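1. Okay, predicted coordinates and the sequence, questions at the end:
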Amino acid sequence: MRPSRNNRGIAHENGAIESSHGHLKRTIADALLLRGTAAFDDLAAYRGFIDEIVSRRNARNTKRIDHERASLQALPDRRTSDYEEVIVRVTSSAGFTLRKVFYTVPSRLIGHQLRVRLYDDRLDVFVGGTPLVTLPRGRPHPNGKHDQVVDYRHVIHSLRRKPMALLNLVYRDRLFPRDAYRRTFDSLRERLPDKKACRIMVDLLALAHERGCEAELADQLAADLNAGQLPDLGRLRAYFAPDPACVPQVVVQLAPLASYECLIGAGEIGGAA
């Protein structure tokens, strides 16, 4: 017998490996049909679904795996690199594009060069060797259209300087953290001029960021929408203002100036004269 090498990129030459992969894909497709829907609450639920299917398929090989495990060497001391490292530059839009996905970062990084570790499910962003932020990984649309991963906290400071930019923002739909914010902006545009609607919406996003009340503010906005009224920015600011009873009162007791004379020896100098 003489061995031969597989040609790179020729899938059908991979034989048993590709065959097993195809069987697994068909098994997952059948399980989704039995489940009745391909919708999952989150990524963790989907991963649990896949793990259960793979575990059932691997159960038949348990005895052979245990037999081979006795001959396996010890694992390396350190984990191997399971990421791809990419260098990107932050544009004037407070973000960067990687693999047809636009990601936002804090606006103070505009013009900086970042080092990104690209994992399957996340991006770890570094400035030099300093960890900066972890972003969920996005995927382009099946038709090749670009996608966006946007955090309103990254761009809210820029929007406060130019609120009208919200009107034609490419990633505006991804900017709103919850559905109540999007519905509020639609209601504002229906009843108010675009300039005023953008100003109020940007102030609401800034309020959610600065007071850390994103979920609670969304509940208040939803209640206003259900009542058929626009949000009252002044009332919301007062509602989410810090409670004066919770603010500590600091009492500073100043030392008398005469006590400093002993430090400079004023008394001794006066006595010698």
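-> Great, that's in hand. Numbering: from 1, shown residues only.
2. can you give me the helices for this protein?
-> 16-35, 43-58, 62-69, 152-161, 172-175, 179-191, 194-211, 214-226, 233-239, 261-264, 266-272 (DSSP state H).
3. mind giving me TSV with the ones you listed and columns for distance to D77?
-> For the C-beta atoms, the positions are set from N, CA and C on the backbone; glycine is no exception. TSV is the format used below for the helices of the chain (distance: least, CB to CB, whole Å):
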stretch	distance to D77
helix 16-35	29
helix 43-58	27
helix 62-69	19
helix 152-161	37
helix 172-175	42
helix 179-191	48
helix 194-211	43
helix 214-226	42
helix 233-239	54
helix 261-264	58
helix 266-272	67
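4. Highest mean neighbour count out of those helices?
-> Stretch with highest mean neighbour count among the helices of the chain: helix 194-211 (a mean of 19; mean count of other CB atoms under 10 Å).
5. So what's the residue count around A94?
-> A94 has 20 neighbouring residues, counting by other CB atoms under 10 Å.
6. check contacts around it.
-> T104, V105, P106, S107, L109, I110, H154, V155, S158 (CB atoms under 8 Å, 6 or more residues apart in numbering).
7. same thing but at 10 Å, please
-> 103-110, 150, 154-155, 157-159 (CB atoms under 10 Å, 6 or more residues apart in numbering).
8. Give me the distance between it and V155.
-> 5 Å (CB to CB, to the nearest Å).
9. Name the residues contacting each of these two.
-> By CB under 10 Å, 6+ apart, the residues touching both A94 and V155 are T104, V105, P106, S107.
10. Number of residues surrounding the second one?
-> Same thing as V105. For V105, using other CB under 10 Å, the count is 24.
11. Please tell me how far it sits from V86.
-> 14 Å.
12. Please enumerate the shared neighbours of those two.
-> Common neighbours of V105 and V86 (CB under 10 Å, 6+ apart) are F96, L114, V116, L123.
13. number of nearby residues for the second one?
-> Here the neighbour count serves as a burial measure; for L114 (other CB under 10 Å) it reads 20.
14. Give me the pLDDT for it.
-> If you check L114, the pLDDT there is 94.
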